[in-house]
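Visitor: When you get a sec, could you give me coordinates for this:
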Amino acid sequence: MDYTLPTTEFTYDLSNNPLFKKDENNYINSLSIKQLNTLGNTSLLDIFLNTGNVVEPHTHQNATELVYCISGSAVVSLINPFTNELLHFPITPGQVANVPQGWWHYEVATADHTHLLAIFDAPIPEAIFGSDTLRLTPAKLLAYTYCLDEKKVQEALAPIQKTVIIGPPADCQPSTAPASNSAPNVNHQPYVMPNVQPNMQPNTQPNNQPNMQPYVNRLPYWGTWVDPRIIHEPGCPYYRELPVNTNNQEER
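Guide: The predicted structure follows:
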């Protein structure tokens, strides 16, 4: 970087670079090295939210995110991939919550006129949003993989036609009103979901059926095509184990 050039930039107005705008009270402006060429290895999002609005679940595959509360209040929630716990961290003015690189997380405003600053250790933060994951993954695959009703999956995901970023979408018409206590509990730091038992390792053992080989042993050899209809355990309404042609393997 040649700091003597007339193109060197030292200041920028973030209002000139909106990332997303839901309405006048819920929007995000961004700053990266694209807007300020002297920025170096850092970037930020300027986030404005009213009560109940959510920065949708997402990950940043190239950066850690430090969320600083300027005004209002919010709950920063994340999944710790090492403990398989969903944690909630309430923050108020002057407080921060840190999200390590690549961790699944989201933010929920718990007061009107909430102002958050999300700071990244990358010149241009990258993101994978939950809405894109849901709308771009075939419903048939989701149904097969998780033993779900394909029609219900399609119906549930049909309204997601674009990246949400701040949810719920402005045109959202929920079939049922949200419960008054649906927001994360803000009286605990951190708050662990009740159904998660601390200091307990997740059960990684296969769910073996009586007189049946474990699931992984029923799959054909690696490198062969797997019919999706055989990937469900007995008991699943979609379970159907078809004969697998292993002639190619025997010929080898």
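
Visitor: Backbone torsions only: list them for Val153.
Guide: The phi/psi pair for Val153 (degrees, to the nearest 10) reads phi -60, psi -50.

Visitor: and it, what is it in contact with?
Guide: Going by C-beta atoms under 8 Å, 6 or more residues apart in numbering, Val153 touches Ala139, Leu142, Ala143. Any C-beta I mention is one placed from the backbone N, CA and C, and that applies to glycine too.

Visitor: Was I right to think the second one contacts Leu148?
Guide: Yes - here Leu142 reaches Leu148: they are 6.4 Å apart, a contact under C-beta atoms under 8 Å.

Visitor: Could you point out the helix or strand that follows the helix or strand harbouring Leu19?
Guide: According to DSSP states H and E, Leu19 maps onto strand 18-23. Following strand 18-23 in sequence order, the next helix or strand is strand 26-31 (DSSP H and E).

Visitor: avg pLDDT for that next one?
Guide: Taken as a whole, strand 26-31 has an average pLDDT of 98.

Visitor: Can you give the contact residues for it?
Guide: 12, 14-15, 17-21, 39, 43-50, 53, 55, 165-166.

Visitor: what lines up beside the helix or strand following that strand in the sheet?
Guide: Where DSSP H and E defines the elements, the next helix or strand beyond strand 26-31 is strand 43-49. In the sheet, strand 43-49 lines up against strand 26-31 (antiparallel), strand 114-120 (antiparallel) (DSSP bridges).

Visitor: possible to save the ones you listed as TSV with mean neighbour count and distance to His88?
Guide: Formatted as TSV, those follow (neighbours: other C-beta atoms under 10 Å; distance: least, C-beta to C-beta, whole Å):
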stretch	mean neighbour count	distance to His88
strand 26-31	20	21
strand 114-120	21	15
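
Visitor: out of those strands, nearest to Gln161?
Guide: Gln161 lies closest, by C-beta to C-beta, to one member of the strands paired with strand 43-49: strand 26-31, at 19.0 Å.

Visitor: Can you list the low-confidence ranges for the protein?
Guide: 175-252 (pLDDT under 70).

Visitor: now the strands for it?
Guide: Along the chain, counting by DSSP state E, strands occupy 18-23, 26-31, 43-49, 54-59, 65-71, 74-80, 85-91, 96-99, 105-109, 114-120, 128-129, 166-167, 191-192.

Visitor: Pro6: neighbouring residues, count only.
Guide: Counted with other C-beta atoms under 10 Å, residues neighbouring Pro6 total 4.

Visitor: Can I get the buried ones among the contacts of strand 26-31 as something I can paste into PyMOL?
Guide: The following PyMOL line selects those of those that are buried, judged by 16 or more other C-beta atoms under 10 Å:
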select buried, resi 14+19+20+39+43+44+45+46+47+48+49+50+53+55+165+166
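
Visitor: where's Asn29 relative to Phe82, distance?
Guide: Distance, Asn29 to Phe82, using C-beta to C-beta, to the nearest Å: 33 Å.

Visitor: now Ala156
Guide: Distance from Ala156 to Phe82, by C-beta to C-beta: 30 Å.

Visitor: neighbour-wise, which of those two wins?
Guide: Ala156 (14 against 8).
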